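quick one: sequence and predicted model below, then my questions.
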Amino acid sequence: MKHFKFYDKQDVLSLTKIRRYETKLGERVQVSAGPHLLETTLQQSTAPFVLFGIPEDIGVKANMGIGGADSVWVPFLQSFLNIQSNDFLEGSNILLLGHFDFSDIESLIEQNAHDFDEKLEARRHAVNMIDDEVEQLVHMITQNKKIPVVIGGGHNNAYPCIKGAAKGFHKAGILPIAQINAINLDAHTDFRPMEGRHSGNGFTYAEADGYLEKYCVVGIHENYLPQNVWMDIVNNPFVDCITYEDIFVHEKRTFLQAIGHATGFTEDSLCGIEIDLDSVANVLSSASSPAGISIQHARQYINFTAADSKVAYLHICEGAAQLSNGRTSADTGKLISYLVSDFLKAKS
Ligand SMILES: N=CN[C@@H](CCC(=O)O)C(=O)O
């Protein structure tokens with residue numbers, strides 16, 4: 001994990017606005033005992049939740065998407081650490097570990113790959129390196145029976161989250177085999193073919209490698225579902241989906257019924273909870289869209305899945321504060337901080 005930057009108390013407090021007579025989450029969260037003491041920290045910490053960031057957009061670019069998923073981690077922290085510590089959420093049950101910094105890999109690719117094809121190939125190759133480091137961290141966290149709360153980054157990181165959690169919880173004796181389920185609220189299935197690693201095929205690789213058993217994706221947009229992926233889903237009894245159109249256009253079932261279906265489909269094992277922020281209307285991301293669920297729906301999804309599933313991890317991804325095409329949003333970090341706090345409250 002040579003790309004991981006551990007935080008100390010000072011790092012956290014530098015982003016926390018201290019105010020007399022009030023206490024913020026930044027004053028209450030736990031931090032690591034030091035870069036070389038991760039195992040000891042995880043063994044000794046009383047916090048059941050371990051929060052870290054993967055501010056990278058290599059996976060999105062490797063999927064021919066618009067870069068910028070690396071820009072939301074700091075704005076998220078600035079919001080999250082300044083949430084009031086109170087009876088609703090106190091903060092000391094969170095261990096804030098730090099973030100991955102893969103910017104050296106991206107710089108190398110930019111400097112050395114000559115054209116579009118070479119860059120695409122290099123980025124798909126680089127995603128394997130990201131996979132390995134993220135998997136290692138998720139494995140260590142879950143092996144210590146803690147729940148990772150992961151802020152991306154591209155949706156490519158679903159793969160190392162699933163693989164790391166499956167292996168870690170198996171090693172901890174919680175799972176008989178290294179295999180978990182996953183629920184995903186997303187405009188896309190991210191079940192694209194195995195053409196090299198990128199943000200559009202994390203679940204395909206996880207399933208093919210045997211770490212993902214059942215996968216249910218809620219809210220996919222018919223307009224962005226490739227026919228070959230649709231056929232793969234229809235023919236796979238371990239994969240299920242409910243389209244955005246079936247919920248909000250044809251009204252075949254309500255949003256909460258769709259989530260209930262997803263938690264029911266995956267209830268036999270530990271389950272990774274995933275949300276791609278391109279599912280939320282007008283939130284800045286590579287695949288931003290004016291059509292999508294509301295922020296209220298996203299918060300309900302987090303609340304219900306956290307309460308109704310045996311959670312293996314939470315992964316919130318693809319949000320951006322600034323895209324490589326110049327678009328910006330000051331709100332994405334704050335939205336993510338609401339979703340993380342909703343999750344923590346639902347689990348308390
Ligand atoms: N994780 C997102 N995957 C989508 C969106 C791609 C994009 O436009 O960035 C997909 O592969 O279709």
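Perfect, thanks for sending it.

spatially nearest residue to residue 306, not counting backbone neighbours?
Computed as C-beta to C-beta, 6 or more residues apart in numbering, the closest residue to residue 306 that is not its neighbour in sequence is residue 346, at 3.7 Å. Backbone N, C-alpha and C define where each C-beta goes, glycine included.

oh sorry, the question was meant for residue 197
residue 127 (3.8 Å).

tell me which helix or strand that neighbour sits in.
Per DSSP states H and E, residue 127 falls inside helix 116-143.

other SSEs contacting that helix?
helix 38-44, strand 49-54, helix 58-61, strand 94-100, helix 103-112, strand 147-152, helix 158-171, strand 311-317 (3 or more C-beta pairs under 8 Å, 6 or more residues apart in numbering; DSSP states H and E).

give me whichever of those is most buried.
Mean neighbour count (mean count of other C-beta atoms under 10 Å) peaks for helix 58-61 among the helices and strands packed on helix 116-143, with a mean of 30.

what's the following helix or strand after that helix?
Taking DSSP H and E, what comes next after helix 58-61 is helix 73-80.

re earlier: shouldn't the residue nearest to residue 197 be in contact with residue 200?
No: with contact defined as C-beta atoms under 8 Å, residue 127 does not reach residue 200; the gap is 10.9 Å.

of these two, which one has the most company?
Under the criterion of other C-beta atoms under 10 Å, the comparison of residue 127 against residue 200 puts residue 127 first, with 31 against 26.

got the contact list for residue 233?
Listed by C-beta atoms under 8 Å, 6 or more residues apart in numbering, the contact set of residue 233 reads 189, 191, 239, 240, 241.

show me what the top strand by length along the chain packs onto, helices and strands only.
Counting by DSSP state E, the longest strand found in the chain is strand 212-220. Packed against strand 212-220, as judged by 3+ C-beta pairs under 8 Å, 6+ apart, are the following elements: strand 180-185, helix 202-208, strand 239-243, helix 255-265.

could you dump the ones you listed to a markdown table with distance to residue 11 and mean pLDDT?
Shown next, in a markdown table, are these (distance: least, C-beta to C-beta, whole Å; pLDDT from 0 to 100):
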| stretch | distance to residue 11 | mean pLDDT |
| --- | --- | --- |
| strand 180-185 | 31 | 98 |
| helix 202-208 | 29 | 98 |
| strand 239-243 | 40 | 98 |
| helix 255-265 | 36 | 98 |
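
quick check: whichever residue of the stretch 1-150 of the chain sits closest to the ligand vs residue 126, distance?
As assessed by C-beta to the nearest ligand atom, the ligand sits closest to residue 65 within the stretch 1-150 of the chain, at 2.6 Å. Here the criterion is C-beta to C-beta, to the nearest Å. By it, residue 65 lies 15 Å from residue 126.

around the ligand, pick out the residues from this structure.
Proximity of the chain to the ligand, by C-beta under 6 Å from any ligand atom, involves residues 60, 63, 65, 155, 188, 190, 192, 199-200, 224, 276, 286-287, 318.

pull the contacting residues for residue 202.
Contact partners of residue 202, counting by C-beta under 8 Å, 6+ apart, are 155, 156, 157, 158, 159, 162, 190.
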